[in-house]
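Peer 1: sequence? don't have it. structure:
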């Protein structure tokens, strides 16, 4: 099993804004992170972006870090955008996520795009739903379990 770790747990009250690293969060089944503006009964409850992707934008000259791309969980050690839809990810506390979407279409260009001429979230960010709730903390492990077997 491949494993990485959580670098940041980020939330914001609304959609389309940078998120703040709050260090810990409660993943609520069929909702997302408690208190986060992206939470709800839909397929993009939790967003994830790898620190390695953020480093690409830093290399392009931007002063960015975890949460600046509006991701909920910043990870390290897993190439997130290569995971197929349906991949399950287990967190240290036993919370379980399932990947529902790789990347997204940005209809409105964000501030990052205008600063750098590009943004990694549409290509390298992933989205998931919460299948089993739990607490997520900075420093926790995140393990790729693979895809659910067809019934």
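Peer 2: Alright, I've got the coordinates. Bear in mind the structure is a predicted one, so any value in this text is a computation, not a measurement. Numbering: from 1, shown residues only.
Peer 1: for the protein, what's the longest strand?
Peer 2: Counting residues, the longest strand in the chain under DSSP state E turns out to be strand 3-11.
Peer 1: who touches the helix or strand that it is followed by?
Peer 2: For strand 3-11, the following helix or strand on the C-terminal side (DSSP states H and E) is strand 20-21. By CB atoms under 8 Å, 6 or more residues apart in numbering, the residues outside strand 20-21 that reach it are 8, 9, 10, 11, 12, 66, 67, 74, 138. No exception for glycine: its C-beta is placed from N, CA and C like everyone else's.
Peer 1: report the buried residues of the longest strand of the chain.
Peer 2: Using 16 or more other CB atoms under 10 Å as the burial criterion, the residues of strand 3-11 that qualify are 4, 5, 6, 7, 8, 9, 10, 11.
Peer 1: walk me through which strands it pairs with, and which way each runs.
Peer 2: Strand 3-11 has the following strand partners under DSSP bridges: strand 20-21 (antiparallel), strand 73-76 (antiparallel), strand 141-147 (antiparallel).
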